[in-house]
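S.K.: Everything below, folded, please.
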Amino acid sequence: MANIETFAEAPPAHEVVPPSLGLSPEDRDVLLWIQSGHQKTADEIAELNRNVDAQQTELKRISDQIAA
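M.R.: Next up, the predicted model:
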C-alpha cells in the first residue's frame with residue numbers, strides 16, 4: 001500500500017508566501033488561510049497513515065499467532 005503522506009506534505013504557510021508577490025492584504029490572508037488548511041489536511045493524513053500502519057502491524061501479529 002502506497003503511503004500518501006508524502007503527497008500531502010507542505011511547508012509552513014509563513015514560508016510559502018514571499019512578500020515580493022505583491023498581493024493585497026486580503027489576498028495574502030486568503031492564501032495563508034488556504035495554506036493553513038492544506039497543512040492541517042496534511043497533518044490529518046499523516047495521522048491516518050500512522051493509524052493504518054499500527055493496524056497493519058497488529059493484523060500481522062494476529063495473523064502470525066493464528067499461523068503458529
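S.K.: Which of the helices or strands spans Gln39?
M.R.: helix 25-67 (DSSP states H and E).
S.K.: Which other helices and strands does that helix contact?
M.R.: Under the contact criterion of 3 or more C-beta pairs under 8 Å, 6 or more residues apart in numbering; DSSP states H and E, helix 25-67 touches helix 13-16. (Each C-beta comes from the backbone N, C-alpha and C, glycine too.)
S.K.: So which residue is smack in the middle of the chain?
M.R.: In the chain, the centroid-proximal residue (C-alpha atoms, centre = their mean) is Ala42; its distance is 1.8 Å.
S.K.: Look up how far Ile62 lies from it.
M.R.: The gap separating Ala42 from Ile62 is 31 Å, by C-beta to C-beta, to the nearest Å.
S.K.: ditto for Asp43
M.R.: 29 Å.
S.K.: So for the two, which residue has more residues nearby?
M.R.: Shown here are Asp43 and Ile62; by other C-beta atoms under 10 Å, Asp43 has more neighbours (14 against 10).
S.K.: pLDDT at that one, what is it?
M.R.: Predicted confidence (pLDDT) for Asp43: 97.
S.K.: Ile66 too?
M.R.: 96.
S.K.: burial of it, as a residue count?
M.R.: Ile66 has 7 neighbouring residues, counting by other C-beta under 10 Å.
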